[in-house]
Structure formats: structure tokens, C-alpha cells
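Asks: structure for this input, please:
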Amino acid sequence: MNPINKITYEPFGVCNGKEIFKFQLTNSHGNYVELLNYGAIVKSIIVPDKNGIKENVVLGFPTLEDYLKDTSYIGATIGRFANRINNAEFSIENETYYLDKNDGKNNNHSGSAGFNNKVFDFIIKEDTVIFILESKSGEGGFPGNLMTKVVYNWTDKNELKIKYLALADEPTPLNFTNHSYFNLSACKEKIYQHNLTIKAKSIVESSQDYIPTGKIINADSYLFINYKLADVMHNSGLNIYYIFNNDNIHSDFTCELFEEKSGRIMRVFTSYPGVQLYTGNFLNSTTIGEHSKFYEPFDGLCLECQYYPDSPNHRQFPNTIFEAGQVYNETITYAFDVKN
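Replies: Alright, predicted model coming up:
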């Protein structure tokens, strides 16, 4: 008889006087994910290859101290606003708000207000872990007191389901995502030989510092159907926002990642309008990761489902300013399987 689905947790360290825990969510097949209430991080995802060998398919670290030193957002929840904001400023009505300039002259992943290094409260509810964070008005320059919940569920179908819920008491920009780096070979090789499909016809054109120009352009030269990542990347790496075809949201997967040697496949389902593909161009860990190595460029890739980058500064982009009392509710599912 298979073990029942269960959640266990144990101490993982202390940060800013608050206790950090490691949570393990195990399904009926014995496959599991590990989470931290530091950064609402996905620490590991343990799933079988085509021969039944179970391995970790995301980058992560063995100790809390390693995560405290990390500068690549490995596995972290990103908020209040994922991606870049031009000149680290935006306006709501007639008031301009100034954020941290942590990426040249721009703001990336919310700077000092970023959820990636915050300690979350938590609730365990049956087969679900709920991480809870209160963010005060003015943190990192963002307006409004914000209550956020990040809800994780791990199913018998090897699906990691993530739901983002948030509510603010003033108009404020919101855009949450997960920053896991995936490598379906369990980091035996770099990501070059992974096959990636993204169901998109267009991308957001960006400048050299990854700030959108405001134009939406054809995605053809950046699509991977029937190609390996190496064939499109040309070893230079990619950091591009793809806009999904409307008919794929909710009803079908939006991205599919496949690694032939292991046979592992991952499909992504989401309520978001698009995804930021980041091929780990700047990975450079200073400590040894879960895979007994220092993480380097192209050891993993991110599929960060989210709203358009720099949305508050582009009126033609879908709106990301949430009014006081307006509920933020978006989902991402990473579903794992094998092909023989």
C-alpha cells in the first residue's frame, strides 16, 4: 500500500530572530517537494526519471546560510512586483513612487521590498501549505499595506500547484511569480539539450537592459518547437517575456520542457497572460548547491509566469495596478511526467 499524502516540517535555521522551517510535501507515490518559509522558497522537487530513479529537478541549497548568500533568487517567491520597473519609478494618478535602484538605474524583483528574503508565517491545512506575509506601506517605496498568501499543493499526479492571493488598502502594482530554476537532468548536464515549447505568437520587445520598449513583436525567431535550447540560445542566453496564445490559458498547458536522457517532461499551466523565460545567464553561486556543485550559467532555466514587465509604465499593457480591496488571485502549476 502506498503511503498517504502527508506534510512534515522541521527546523531549518533562524533569520532575523524568526525560526525558519523546511516543509516536505509527499504524495502517495513517495515523490515530494520541499519548501521554506524563508522567501516561500521551493527548495527541491523530487520526481522519477523514465527508469524510476528519483532526483531533484530544481536548483537549491542544503542550508539556510546558503540561501542568505544567494543573489539569483533561487526557488524564491517574487513580489510585490516581479521583473523590472524602468528608472525604478512609476505613477498612480498624479503621484510618483520611487523604488530601489538595484539593477543599474532600474528596479528588479522589488529591491529591498522583495519577498525572496522575507520570513513568512505559515498554516498547514490538510494537504496544503499556506505562507502568509504582511508588507507595510512604503517598503521599498511601494504604496499600501499588503496582505499576501502563497498557497502550495503537491498532488498525486506530481503537480506542484501554486496560488497567489493578495489584498492591499491602497492602489498598488502587484505581480507575483516563482523563480525556480529547472533542470530535468537533475543537473547532470546543462540545459542546452532540453526541448522547450512555449505556446506564444508574440513577445515583449526589450532594450539591452531588459526594459520593454512598449512594442509587441512576432515571436517566431525565439520559439523552440522541435528545437533544443542550444539551437536557439547560441550560448548567449535568453531573458524574454512571451505572451501566450489566448486559447491556451486555463484550458491547456502553456509551456512544455522535455529532457530526453531522463525522459522527464514538465508542463506549465497558468492563469497569467505570459511567461518570462530566463536561461540562467548570470547564475554564479558562491556556495555549493543541492547537486554538489557551484551553480553556473545555464545550469537551470526559469519559467516565470507573470504579468508583463514594467506594466505600470505602459498604459497599453494589461493593467497591474490593483485598487484598494481588489483581490489578486493567480495560479501556476508545474506538472511532471515521463516519456519512455
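
Asks: would you map the strands across the stretch 1-150 of the chain?
Replies: Using DSSP state E, counting those that start in this stretch, the strands assigned to the stretch 1-150 of the chain run over residues 6-15, 18-26, 32-36, 41-48, 54-56, 77-78, 84-85, 89-92, 95-98, 107-108, 121-125, 128-135, 146-154.

Asks: now the longest one: average pLDDT?
Replies: Okay, so that is strand 6-15. Averaged across strand 6-15, pLDDT comes to 97.

Asks: do the third one as well
Replies: Regarding strand 32-36, the rounded mean pLDDT is 98.

Asks: so it versus strand 6-15, what angle?
Replies: 30 degrees (axes from the mean of the first three to the mean of the last three Cα atoms, to 10 degrees).

Asks: any low-confidence regions in the stretch 101-250 of the chain?
Replies: Residues of the stretch 101-250 of the chain that meet the criterion pLDDT under 70 lie in 235, 247-250.

Asks: for Ser202, grab the count of nearby residues.
Replies: By other Cβ atoms under 10 Å, 18 other residues sit near Ser202. C-beta here means a position set from N, CA and C on the backbone, and glycine is covered the same way.

Asks: scratch that, Val47 is what I was asking about
Replies: Neighbour tally, Val47, other Cβ under 10 Å: 24.

Asks: list the residues that contact it.
Replies: Contact analysis of Val47 by Cβ atoms under 8 Å, 6 or more residues apart in numbering lists Asn31, Lys54, Glu55, Val57, Asn158, Arg264, Phe336.

Asks: make it 6 Å
Replies: When contacts are counted by Cβ atoms under 6 Å, 6 or more residues apart in numbering, Val47 touches Asn31, Asn158, Phe336.

Asks: Thr230 contacts Tyr192, doesn't it?
Replies: Not Thr; residue 230 is Ala. Yes. In this structure, Ala230 is within contact of Tyr192 by Cβ atoms under 6 Å, at 3.8 Å.

Asks: touching, Thr26 and Tyr32? I think so.
Replies: Yes. The pair Thr26 / Tyr32 is scored as a contact, 4.2 Å apart, by Cβ under 6 Å.

Asks: which residues do these two both contact?
Replies: If you check Thr26 and Tyr32 against Cβ under 6 Å, 6+ apart, no residue is contacted by both.

Asks: what does stretch 292-312 contact?
Replies: 59, 82-86, 90, 173, 175, 177, 179, 181-183, 190-191, 204, 211-212, 241, 255, 268, 270, 272, 275-276, 278-281, 283, 285, 288-289, 317, 320, 332.
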